[in-house]
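Undergrad: Structural data only, the sequence is not supplied:
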């Protein structure tokens, strides 16, 4: 079954304590992204990756890091979390098709609270 | 300026009726794509439908259709024969540029429309 998995699904942490949210996809997709969802703002892209070792900033990259050492994994790293990073985080992956039509698969989301 | 505008924060529709969710977009790119996603209360994001800027026909996927009016820069979602299970938040999103380029990976989302289907 095609899927994107995220761990943990829920996390409450304290300011400054480094954390990593993992994302894994089993569809051999090249493109992967991280988004955060905040009330009234929709989803905003944090980082994306076009392939292994190729990453770039999205709209709201401050305070986040990513890595893409393997095609299936795209972890999101918060080196020093702050309360304004309390949010719902989604990992997504998609294939590139020549027709221009594709589905973007989203993970189930990680609800992060930073106190 | 907002790239994706959804002007309806909330809507109610009766079961079995059709409903249109509005979405307007702003881009200077010639190549772009428009998407609709559904987010039920459980939180997952579910892909519904896609329209490419060069597609001449409106996209359809089962009960979902996208009313694409390029000159007006609108991409409204039409749900026919609403069901109780359609109650959810709906997001319109846009990809600017061609998807085969790096920039084509980014989706910009609107703020969503909360749809409630009633008996």
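TA: Yep, it's here. Keep in mind it's a predicted model, so treat the numbers as computed, not measured.
Undergrad: what's near enough to touch the most centrally placed residue in chain A?
TA: Residue closest to the average C-alpha location in chain A (C-alpha atoms, centre = their mean): residue A:34, at 2.6 Å. When contacts are counted by C-beta atoms under 8 Å, 6 or more residues apart in numbering or on different chains, residue A:34 touches A:23, A:45-48, A:58, A:64, A:66, A:74, A:76, A:89-92. No exception for glycine: its C-beta is placed from N, CA and C like everyone else's.
Undergrad: Roughly how far does residue B:64 sit from residue B:50?
TA: Distance of residue B:64 to residue B:50, given as C-beta to C-beta, to the nearest Å: 10 Å.
Undergrad: quick one: which of the two has more around it?
TA: Neighbour totals were compared for residue B:64 and residue B:50, and residue B:50 leads with 20 against 16 (other C-beta atoms under 10 Å in any protein chain shown).
Undergrad: Name the nearest residue to residue B:29, ignoring sequence neighbours.
TA: With sequence-adjacent residues excluded and distances taken as C-beta to C-beta, 6 or more residues apart in numbering or on different chains, residue B:29 is closest to residue B:96, at 4.7 Å.
Undergrad: pretty sure the one you found is in contact with residue B:108, am I right?
TA: Yes: between residue B:96 and residue B:108 a contact is recorded at 7.3 Å, counting by C-beta atoms under 8 Å.
Undergrad: which residue ranges form the strands in chain B?
TA: With DSSP state E as the criterion, chain B has strands at B:4-5, B:10-14, B:19-21, B:24-25, B:32-39, B:46-52, B:60-61, B:64-69, B:74-79, B:88-96, B:107-109, B:113-118.
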